[in-house]
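Peer 1: Quick one: sequence plus predicted model below, questions after.
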Amino acid sequence: MEDINISDKNIIKICLLAGQIMLQSGAETHRVEDTMNRIAAAFDVKNPQSYATPTSVQFSIAPETPSHATRITKRTTDLYKITKVNQVSRQIAAGLLTIDDAIHKLHQIAKKEMFFSIWMQIAAAALASACFVIMFGGTWFDFLPAFITGGIGFASMLFFERVLEIRFISEFSASVIIGLLAVFFVYISFGLEVDKIIIGAVMPLVPGLPITNAVRDLMAGHLVAGLSKGVEALLTATAIGAGVAVIFALV
């Protein structure tokens with residue numbers, strides 16, 4: 001087994017860190033592998049070996065050298081971080097960054113919190129929920145109930161996800177709360193159509209990006225990643241539907 005010099009260790013560190021940030025931020029696996037390979041090629045690595053799945057990223061500088069891996073335990077959607085990593089990758093390819101500068105920039109990106117605050121995310125989810133009601137044929141009478149329901153539902157999902165750290169349970173709990181609020185608002189004549197309010201309010205919870213990434217990975221030939229992301233999206237959709245179904249069963 002070949003020894004790895006300091007320069008190669010730093011290249012491996014950069015590639016793994018870039019791949020880790022991108023996977024944790026919701027990037028497709030083929031994009032992650034392509035970025036890692038481009039970074040390695042910019043540092044004169046002739047035959048880099050990268051392999052990414054939704055739960056891990058692996059890299060070696062050559063087929064005969066040891067493979068290094070990083071475990072991915074938590075994933076979210078942060079397109080801002082993906083964009084910043086791509087910018088660093090392009091700067092490396094253009095020869096504008098040294099190894100040390102690239103490591104420093106990637107560590108800064110990894111430490112950054114989400115670009116939008118929690119309150120901004122909740123407000124956006126609430127507004128999106130209300131707009132989806134109109135888009136799906138609802139009336140303006142349901143605009144405000146959907147706004148409130150969607151905001152509270154999204155906030156509850158963030159709360160349960162932080163407390164329980166199990167995304168499927170948090171989405172199930174959030175959909176239950178959305179169903180309860182929708183039924184309550186219609187019961188007190190604050191809303192008009194329960195189904196339209198629920199449909200609009202659950203839209204911010206729908207796993208649109210995982211479904212898109214699953215299809216793109218499958219089309220790119222990444223069958224393991226595509227199938228696993230597809231199953232994850234299916235479980236998320238099932239959790240949302242089950243939460244709403246519980247409310248309809250009770251009422």
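Peer 2: Structure received. Numbers count the residues shown, from 1 in each chain.

Peer 1: gap between stretch 31-49 and the chain center?
Peer 2: Distance, stretch centre to chain centre, for stretch 31-49: 23 Å (C-alpha atoms, centre = their mean, to the nearest Å).

Peer 1: And stretch 28-41, by the same measure?
Peer 2: With C-alpha atoms, centre = their mean, you get 18 Å for stretch 28-41.

Peer 1: ditto for stretch 88-95
Peer 2: 25 Å.

Peer 1: Pull out the buried residues from it.
Peer 2: Going by neighbour count (16 or more other C-beta atoms under 10 Å), the buried part of stretch 88-95 is 88-89, 92. C-beta coordinates here come from the backbone N, C-alpha and C atoms, glycine included.

Peer 1: model confidence over that stretch, on average?
Peer 2: The average pLDDT for stretch 88-95 rounds to 89.

Peer 1: Show me the contact partners of that stretch.
Peer 2: 14, 18, 35, 38-39, 41-43, 97, 102, 105-106, 109 (C-beta atoms under 8 Å, 6 or more residues apart in numbering).

Peer 1: Give me the buried entries from the residues you listed.
Peer 2: 14, 18, 35, 38-39, 42-43, 97, 102, 105-106, 109.

Peer 1: Identify the farthest-apart pair in those.
Peer 2: Phe43 and Ile109 (18.7 Å; C-beta to C-beta).

Peer 1: possible to save the buried ones among the contacts of stretch 88-95 as a markdown table with distance to Gly243 and secondary structure?
Peer 2: Converted to a markdown table, these look like this (distance: C-beta to C-beta, whole Å; DSSP: H, G, I helix; E, B strand; the rest coil):
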| residue | distance to Gly243 | secondary structure |
| --- | --- | --- |
| Ile14 | 42 | helix |
| Ala18 | 36 | helix |
| Thr35 | 36 | helix |
| Arg38 | 42 | helix |
| Ile39 | 42 | helix |
| Ala42 | 47 | helix |
| Phe43 | 48 | coil |
| Leu97 | 46 | coil |
| Ala102 | 44 | helix |
| Lys105 | 41 | helix |
| Leu106 | 38 | helix |
| Ile109 | 35 | helix |
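
Peer 1: any idea how far His107 is from Leu164?
Peer 2: 29 Å (C-beta to C-beta, to the nearest Å).

Peer 1: ok, now Thr149?
Peer 2: Thr149 is 40 Å from His107, by C-beta to C-beta.

Peer 1: do Phe248 as well
Peer 2: Going from Phe248 to His107 by C-beta to C-beta gives 48 Å.

Peer 1: What is the end-to-end distance of stretch 109-121?
Peer 2: 20 Å (C-alpha to C-alpha, to the nearest Å).

Peer 1: and what of stretch 103-121?
Peer 2: End-to-end for stretch 103-121, by C-alpha to C-alpha: 30 Å.
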